[in-house]
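Chemist: Here is the input, now give the coordinates:
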Amino acid sequence: MTGDSGGGSPRTLSTVSTAMEAVKAIEATDGTGVTELADRLDISKSSAHAYLATLEQSGFLVNRDGRYELSLMFFVLGEYARNRSLLDEMIIRKLDELAAETAHYTHLVTEENGRGINLYKGKGEAAVGDDYQRAKRQQRDYLHITASGKAILAFLPQHRVEAIVDRHGLPRRTANTITDREELFDHLATVRERGYAVNDEEEIEGLRAVGAPIRDRDGDVLGSISISGPTSLVDGDTFYEALPERVMETANIIEVNRNMSDRRSDIETLI
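Modeler: As a prediction, this is how the structure comes out:
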């Protein structure tokens, strides 16, 4: 058991923390055995077996001839969490329309614990990098390397941005990645001023993206949408004018629809 009961860090359970590390290890290795998990987590074999057996008994793992894999329970829980998120049918429709119009990938992203979560992607006919895009749905992005992430950071309170940078740092992905704190803050000020963010080969070489925030009626940022494509197609006026205009227009339509829905709920409550 870790943490304290005072006004500092919250009281936590080391056993639960280890169980979560076991789940992450199983996901990273696409299944594991007792010895492999014990070595990976630096625990005894008996402890590794106890964690695996407990997770299996709880329905979170399946045992296939001594190799433990994640069960579909995570799919069920994931769908529940996804359905409670920003995602809804109207946003899916708008992202699919935008992908069809631009021929590129479109994304819906939200922030959780200082990282970006990819909730949905639409695919246009010229979209590239299918394997990479599928992998993005299974990982949490650093916010400073993507257009969607920077669109979110730009409209978060300053203290939240500072806390995110303190916690996660600014790791480099490419030569274009912003890794200096002050440079990032200056860049986010520009994003706020023009209303959209760009990723100019900052996440992966040869890939560009444009993102815009989605905010509620109080101005709080809920997430963002983006369009991404290869530099050979996303260049010149397309990168600097056409895509920013379409992304901001789509984000505005999404915001208006959500705000109108919220207002309707307020009115119905008063009736």
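Chemist: mind listing what's buried in stretch 54-63?
Modeler: 55, 60-61 (16 or more other Cβ atoms under 10 Å). C-beta here means a position set from N, CA and C on the backbone, and glycine is covered the same way.
Chemist: For the most centrally placed residue in the chain, what is the enclosing helix or strand?
Modeler: Centroid check for the chain by Cα atoms, centre = their mean gives I117 as the closest residue, at 1.4 Å. Taking DSSP states H and E as the definition, I117 sits inside strand 115-122.
Chemist: on that earlier part again, quick check, nearest of the buried residues of stretch 54-63 to G229?
Modeler: Nearest to G229 among the buried residues of stretch 54-63 is F60, at 37.9 Å by Cβ to Cβ.
Chemist: where exactly do the strands run in the stretch 51-200 of the chain?
Modeler: Secondary structure of the stretch 51-200 of the chain (DSSP state E, counting those that start in this stretch): strands located at 61-64, 67-70, 105-112, 115-122, 140-142, 197-200.
Chemist: Identify whichever of these lies nearest to S44.
Modeler: Closest of those to S44 is strand 67-70, at 16.6 Å (criterion: Cβ to Cβ).
Chemist: dump the residue contacts of the nearest residue to R208 once chain neighbours are set aside.
Modeler: Distances taken as Cβ to Cβ, 6 or more residues apart in numbering place V234 nearest to R208, at 4.3 Å, with adjacent residues excluded. By Cβ atoms under 8 Å, 6 or more residues apart in numbering, V234 lies in contact with 104, 208-210, 227-228, 243.
Chemist: Sketch out the low-pLDDT regions of the stretch 1-150 of the chain for me.
Modeler: Flagging of the stretch 1-150 of the chain using pLDDT under 70 yields the residue ranges 1-10, 79-87, 136-138.
Chemist: so I227 sits right up against L243, yeah?
Modeler: Yes - contact criterion Cβ atoms under 8 Å: I227 and L243 qualify, at 5.3 Å.
Chemist: Touching both of the two, which residues are there?
Modeler: Common neighbours of I227 and L243 (Cβ under 8 Å, 6+ apart) are 102, 210, 234.
Chemist: Could you work out the end-to-end span of stretch 201-215 for me?
Modeler: This stretch, stretch 201-215, spans 26 Å end to end (Cα to Cα, to the nearest Å).
Chemist: what distance separates it from the middle of the whole chain?
Modeler: With Cα atoms, centre = their mean, to the nearest Å as the basis, stretch 201-215 stands 13 Å off its chain's centre.
Chemist: for stretch 244-252, same thing?
Modeler: Chain-centre distance of stretch 244-252: 20 Å, with Cα atoms, centre = their mean.
Chemist: Looking at the contacts of V234, which is nearest A151?
Modeler: Nearest to A151 among those is V210, at 8.9 Å by Cβ to Cβ.
Chemist: I figured that closest one hits F239, correct?
Modeler: Yes - counting by Cβ under 8 Å, V210 does reach F239; the two are 7.1 Å apart.
Chemist: Sweet, I'm off.
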